[in-house]
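Undergrad: Fold the following, please.
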Amino acid sequence: MKETLSIGEISALFHLNVQTLIYYDSIGLLVPAERNPMNGYRRYRFDQIYKLAAIRYLHRLGYSLKEIHSSYLESCDINFTLEQLKKQSCILREKAENLLNTDRAIQQKIHFIEQELPNVDMERVSIKEFPERHYFAIGGEELLYGDDSFYLNPTVVFYKDDSKYFGAYLFDDGENFNLQKERADFLRFPVIPAGSFLCGYHQGAYEHIRESACRIRDARKDLDLSDITINFNIIDQFVERDSKSYITEVQIPIIENEEHRARLLCL
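TA: Alright, predicted model coming up:
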């Protein structure tokens with residue numbers, strides 16, 4: 001058994017880039033036992049492979065090199081290690097859950113686009129029935145871009161008179177939606193009341209969407225329509241660079257009775 005190993009041998013043994021070992025040396029994390037004064041070649045004692053194995057293990061568990069160097073290796077004993085591993089496990093589980101939640105939101109947006117896009121008919125104005133639909137309330141445009149849900153979920157925009165406010169639609173795609181329901185208190189999320197809606201489509205920039213809403217309203221003047229217009233962005237700036245190709249479904253609640261009118265006023 002060799003007493004010392006060259007940096008190349010250590011590199012091959014651990015499948016590490018030589019530059020990584022040089023960096024570890026530069027920050028004092030793994031300093032070679034010997035350095036040739038003539039050519040600077042590094043050599044490591046054989047027992048230093050155990051320290052390097054510990055470094056790789058800890059780094060794989062998510063510890064930063066700074067954490068490994070400044071505290072972990074110096075304090076390592078069974079009690080300290082178990083305590084730190086339990087803490088790290090909690091951190092990793094939380095990160096994993098956050099990633100899964102992000103993926104669920106992404107999947108919902110994908111399914112929403114794939115479900116809605118084949119139904120788009122720019123000329124059609126029709127009446128559709130919808131169940132209750134949940135959404136995250138975001139608020140005005142000044143709050144929109146700082147809210148993570150805006151970037152992940154389909155966007156729903158509520159227009160009333162000259163005002164508008166935004167939400168992130170919790171599209172019901174089955175499994176992902178049910179998982180979100182299990183993990184969240186849906187009672188605190190606003191609801192678009194169930195009922196009949198006069199629906200049509202707008203293509204193009206959002207600045208002209210009110211014109212499409214007026215066109216859709218004019219198509220059925222015989223109906224008692226809410227003064228609220230609800231717009232669901234199907235193709236938006238996140239999936240299409242050209243605003244001329246944006247597609248939005250415009251939905252206008254049809255007032256069924258006074259109780260229904262009162263529920264819509266809560267939007």
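
Undergrad: Excluding sequence neighbours, find me the nearest residue to residue 201.
TA: residue 122 (5.2 Å; Cβ to Cβ, 6 or more residues apart in numbering). All C-beta atoms are positioned from the backbone trio N, CA, C, and that covers glycine.

Undergrad: The one you found belongs to a strand, doesn't it?
TA: No. Counting by DSSP: H, G, I helix; E, B strand; the rest coil, residue 122 falls outside a strand, being coil.

Undergrad: where are the low-confidence patches of the stretch 151-267 of the chain?
TA: 174-188 (pLDDT under 70).

Undergrad: what about the helices in it?
TA: Assigned by DSSP state H, counting those that start in this stretch, the stretch 151-267 of the chain shows helices spanning 175-183, 209-219, 258-264.

Undergrad: Now the residue nearest the centre of the chain: which helix or strand?
TA: The chain has residue 102 as the residue nearest its centroid, 3.5 Å off, counting by Cα atoms, centre = their mean. Using DSSP states H and E, residue 102 falls within helix 78-116.

Undergrad: Just give me how far that helix sits from the chain centre.
TA: 11 Å (Cα atoms, centre = their mean, to the nearest Å).

Undergrad: And stretch 6-16, by the same measure?
TA: Relative to the chain's own centre, stretch 6-16 is displaced by 39 Å; criterion: Cα atoms, centre = their mean.

Undergrad: Tell me which residues of that stretch come out buried.
TA: 7, 10, 11 (16 or more other Cβ atoms under 10 Å).

Undergrad: could I get those as TSV with secondary structure?
TA: As requested, the buried residues of stretch 6-16 are exported to TSV (three-state DSSP):
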residue	secondary structure
7	helix
10	helix
11	helix
